[in-house]
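> Any chance you can model this:
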Amino acid sequence: MNIETITEQALKLEPALRAYIAEILLESLDYEEDFIVSEAWRQEIQKRCKEIDANPSILIEGERFMTELRHRYL
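The predicted model follows:
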């Protein structure tokens, strides 16, 4: 399977699954952090990532979120 086929297939996945794959790929890269993150924030980030991995249905698309906020507060 070539990169074009993999990309085409990945783009057909629902957004939560694409985000999960992107997260795994980014974590796999050997990189240096551009900024320092405190241990408390690092733990919070890991906690939230685990929550999303355990239940991707809690994610909603950004545009839908903004629309709901506008209806609620405007």
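> looking at this structure, which residue ends up farthest from its center?
Outermost residue of the chain with respect to the C-alpha centroid, by CA atoms, centre = their mean, is residue 74; its distance is 28.2 Å.
> Can you tell me how far that one is from residue 65?
Residue 74 sits 14 Å away from residue 65, taking CB to CB, to the nearest Å as the criterion. Bear in mind the C-beta positions are built from the backbone N, C-alpha and C, glycine included.
> now residue 23
In terms of CB to CB, residue 23 sits 19 Å off from residue 65.
> Ok, residue 35 next?
Between residue 35 and residue 65 the computed distance is 26 Å (CB to CB).
> more neighbours, these two?
A direct count of neighbours by other CB atoms under 10 Å for residue 35 and residue 65 places residue 65 higher, at 11 against 4.
> Please name the residues that touch that one.
By CB atoms under 8 Å, 6 or more residues apart in numbering, no residues touch residue 65.
> leaving aside the residues next to it on the chain, what's closest to the residue minimising distance to the centre of the chain?
Central residue of the chain (CA atoms, centre = their mean): residue 19, 4.0 Å from the mean position. Counting by CB to CB, 6 or more residues apart in numbering, residue 59 is the residue found nearest to residue 19 once chain neighbours are left out, at 7.1 Å.
> For that neighbour, grab phi and psi.
phi -80, psi 140 (degrees, to the nearest 10).
> Could you count how many residues lie near it?
Residue 59: 14 surrounding residues under other CB under 10 Å.
> With residue 8 as the reference, measure out to it.
Using CB to CB, residue 59 is found at 23 Å from residue 8.
> same check, this time on residue 48
In this view, residue 48 and residue 8 are 30 Å apart by CB to CB.
> Pull out the buried positions in the helix ranked longest in the chain.
When the chain is parsed with DSSP state H, its longest helix is helix 39-54. Residues of helix 39-54 classed as buried by neighbour count (16 or more other CB atoms under 10 Å): residue 52.
> Right, I'll leave it there.
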